[in-house]
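In: mind folding the following:
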Amino acid sequence: MKLGLFGGTFNPIHFGHLRAAQELAELLKLDRIFFIPAATPPHKETGGIVSFEHRLQMLQLAVAGNDSFSISHVENLRPGKSYSIDTVRHFQKDGDSKLECFFITGQDAFDAITTWHDWKNLLRLCRFVVMTRPGYENRGLHQILPPDVAGRYIYDAGGNVFQDQEGGTILFRRTTFLDISSSEVRKRIQQGRSVRYLTPDSVIRYMEANRLYQ
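Out: Model prediction:
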């Protein structure tokens with residue numbers, strides 16, 4: 001079983017998230033991708049973030065009809081900050097020995113990996129999948145990770161993957177770049193502008209019905 005774990009604030013979910021997840025599911029032959037909304041994001045101010053329940057409802061609407069996508073509310077079951085390492089451990093605890101977890105994150109987030117909680121152990125626990133942007137050039141890990149950590153990884157050009165001696169892997173994968181951001185969606189709503197074709201219609205109707213981001 002190969003699971004993709006796609007965490008984020010999803011404030012709100014948009015087509016950039018959904019298209020990237022669909023492509024990674026196909027590229028990596030993942031059995032399922034779990035969208036995991038953060039309850040209390042460690043790296044973001046909570047001001048401007050709508051409730052977890054609203055974000056969860058929008059996610060459920062957005063992924064409806066896609067058998068490869070699921071939603072997990074695990075981070076809302078824990079008190080305190082929503083740390084990624086706790087989420088990965090949750091899935092590994094509930095899975096069997098053959099479970100492979102692919103932790104999906106964006107390039108900007110991965111560039112700041114050394115600021116994440118217990119990041120060194122997190123890298124060892126799962127396979128990291130970093131979604132890259134147009135113009136990305138593979139220059140190794142030394143610009144991102146400290147020398148003692150980056151030095152553990154060997155680049156496999158055939159698989160386009162960095163492999164460390166303890167079994168951890170870091171994959172940089174290009175997905176179709178849709179220049180959409182949650183902040184832009186929120187801004188357009190605040191300005192009374194259309195967000196059609198930026199996020200699913202079902203999500204738009206939900207935001208309108210609940211007067212979100214207005």
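In: all helices for the chain, in order.
Out: Along the chain, counting by DSSP state H, helices occupy 15-27, 52-63, 84-94, 107-111, 119-125, 147-150, 182-190, 201-209.
In: tell me which residues of the fifth one are tucked away?
Out: Across helix 119-125, burial judged by 16 or more other CB atoms under 10 Å covers 119, 122-123, 125. Heads up, the C-betas are built off the backbone N, CA and C, glycines and all.
In: again with the longest one
Out: Across helix 15-27, burial judged by 16+ other CB under 10 Å covers 15-18, 20-22, 24-25.
In: between those, which is nearest T199?
Out: Nearest to T199 out of the buried residues of helix 15-27 is F15 (CB to CB; 6.2 Å).
In: is it true that that closest one touches D201?
Out: No. Assessed by CB atoms under 8 Å, F15 is found out of contact with D201, at 11.1 Å.
In: what about the protein, any weak spots by pLDDT?
Out: By pLDDT under 70, the weakly predicted segments of the chain are 43-47, 94-97.
In: let me know the outermost residue of it.
Out: Centroid-distance maximum for the chain: G192 at 28.4 Å, with CA atoms, centre = their mean.
In: can you lay out the buried residues of helix 119-125 as JSON lines showing distance to G168?
Out: Shown next, in JSON lines, are these (distance: CB to CB, whole Å):
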{"residue": "W119", "distance to G168": "12"}
{"residue": "L122", "distance to G168": "9"}
{"residue": "L123", "distance to G168": "5"}
{"residue": "L125", "distance to G168": "8"}
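In: and these, which is closest to L99?
Out: Using CB to CB, L125 is the member of the buried residues of helix 119-125 that lies nearest L99, at 11.6 Å.
In: residues in contact with the nearest residue to that closest one once chain neighbours are set aside?
Out: Nearest residue to L125 in three dimensions, chain neighbours excluded: V88, at 5.1 Å (CB to CB, 6 or more residues apart in numbering). For V88, the contact set (CB atoms under 8 Å, 6 or more residues apart in numbering) comprises 5, 101, 103, 122, 125-126.
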